[in-house]
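Undergrad: the following block contains a protein sequence and its predicted model.
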Amino acid sequence: MLNPNLDEIQLTKEEYERYSRHLILPQVGLEGQKRLKAASVLCIGSGGLGSPLLLYLAAAGVGRLGLVDFDVVDSSNLQRQVIHGTSWVGKPKIESAKNRILEINPSCQVDLYEELLCSENALDIMKPYDIVVDGTDNFPTRYLVNDACVLLGKPNVYGSIFGFEGQATVFNYEGGPNYRDLYPEPPPPGMVPSCAEGGVLGILPGIIGLIQATETVKIIIQQGTTLSGRLLLYNALEMTFRQLKLRPNPERPVIEKLIDYDQFCGVTQAKEEEAKRQKEMQEITVQELKQLLDGDAKDFVLLDVRNPNEYEIAKLPGSVLIPLSEIENGQGVEKVKQVLNGSRLIAHCKFGSRSAKALGILKEAGIDGINVKGGISAWSKEVDPSVPEY
């Protein structure tokens, strides 16, 4: 509760010892620690952002934490999702996170929601909590979290990361702006690469997640100035922080109900277009590609459209690298024409989506090609395990 009856909240002897460094801070003190004990926070996602903020909210003494996540721990998570460990690979993230939280603070109540947050369940899941912290990595869920917080009157502590850059703010707090004031319209699907495709510095979510945790604690103890109305921008390479002012837009649409956010963000349409493109596009499996590579026929060119640094990590024998970015700007199209010289074109990437996009562009330029289903990731899993996965 953000305004609890402090007379009803008592700290145990162990809690006085545990939170002694808080208690001697005038801005926290006994009152602030009681507020933390009475507070409840829901974290959407227990990944890169959720990991540090959950660790520190538990350590700070937040009495009740809710976790929403339906994913399992993957070895690629461990570079940045510090709440999880190697022994938890393949197991539910929320179980892993709960285990670690209770090691840090056994008195913390941890509620688990192992399900996909959607328009049908968001209000029911979020309603019991004082504050919602957005640790998600996709636009449909960010709009969903925002709109649900607006309908419920909950503060939304926001953070996002990509590459070496991150941002954080507090939405829907004390009359301040919400997510739709920052992003009235979502970007086209695929314009912003995922961390799986674009990469992220492992330390970055730690910094942004801890800023989110700091803002959450400040809201609970009612001290300091929050980031409401300010967007904090962080650049790890330059080690710089900048601020942008945010204001509520008086002309923004009134949020009256939760909607279909995949539809709103163009995800549904993109999936339909992708399915149509795949239906029209010729594909081969990695097993079929292996047969071609092992055979005598050499009347084809194997095009790799990944980035050069990905090509250094793992490559298929005989492949030619022309990144998607070059094909998109037109320079790569001419390069493809030169290397083909009448041969068939077979294209691949990490998972198959970027190569499909490249083939779509090349088709408009009069070059037909075949896509490798599942890309080099499928090759590593199904054909040659010695090829590194990344």
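TA: Nice, thanks for sending it over. Bear in mind the structure is a predicted one, so any value in this text is a computation, not a measurement. Residues are numbered from 1 along each chain as shown.
Undergrad: mind listing what's buried along the lowest-mean-pLDDT helix or strand in the chain?
TA: Taking mean pLDDT, DSSP states H and E as the measure, helix 195-198 is the helix or strand of the chain with the lowest mean score, a mean of 76. Going by neighbour count (16 or more other C-beta atoms under 10 Å), the buried part of helix 195-198 is 195, 197. Just so you know, the C-beta spots here come from the backbone N, C-alpha and C atoms, and that holds for glycine as well.
Undergrad: where exactly do the strands run in this structure?
TA: Secondary structure of the chain (DSSP state E): strands at 40-44, 64-68, 109-113, 131-134, 156-162, 165-171, 230-235, 240-245, 282-284, 300-304, 320-321, 344-348, 370-372.
Undergrad: pLDDT value on residue 278, please?
TA: At residue 278, the pLDDT value in this model is 68.
Undergrad: same check on residue 82?
TA: 97.
Undergrad: quick check: it touching residue 51?
TA: Yes: in this structure, residue 82 is within contact of residue 51 by C-beta atoms under 8 Å, at 4.9 Å.
Undergrad: more crowded one of those two?
TA: Neighbours per residue, other C-beta atoms under 10 Å: of residue 82 and residue 51, the larger number sits with residue 51, 26 against 19.
Undergrad: contacting residues for the more buried one?
TA: 80-84, 97, 205-206, 209 (C-beta atoms under 8 Å, 6 or more residues apart in numbering).
Undergrad: then residue 384?
TA: No contacts exist for residue 384 under C-beta under 8 Å, 6+ apart.
Undergrad: what does residue 80 give?
TA: Counting by C-beta under 8 Å, 6+ apart, residue 80 touches 47-48, 51, 200, 202-206.
Undergrad: can you do 10 Å?
TA: Shown in contact with residue 80 (C-beta atoms under 10 Å, 6 or more residues apart in numbering): 47-49, 51-52, 161, 195, 200-206, 209.
Undergrad: same thing with residue 229?
TA: Counted by C-beta under 10 Å, 6+ apart, residue 229 has contacts 169-171, 173-177, 181, 243-248.
Undergrad: select only the buried ones of the residues you listed in PyMOL?
TA: In PyMOL syntax, the buried subset of those is picked out as below (16+ other C-beta under 10 Å):
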select buried, resi 169+170+171+173+176+177+181+246
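Undergrad: what's the closest of the contacts of residue 229 to residue 325?
TA: Each of these was checked against residue 325 using C-beta to C-beta; the closest is residue 244, at 27.6 Å.
Undergrad: need the pLDDT of the closest one.
TA: Reading off the model, residue 244 has pLDDT 97.
Undergrad: and if you look at residue 1?
TA: On the pLDDT scale, residue 1 is placed at 68.
Undergrad: ditto for residue 267
TA: 88.
Undergrad: correct me, but it touches residue 187?
TA: No: judged on C-beta atoms under 10 Å, residue 267 makes no contact with residue 187 at a distance of 11.5 Å.
Undergrad: which one of those two has more residues nearby?
TA: Applying other C-beta under 10 Å to residue 267 and residue 187 shows that residue 267 carries more neighbours, namely 18 against 11.
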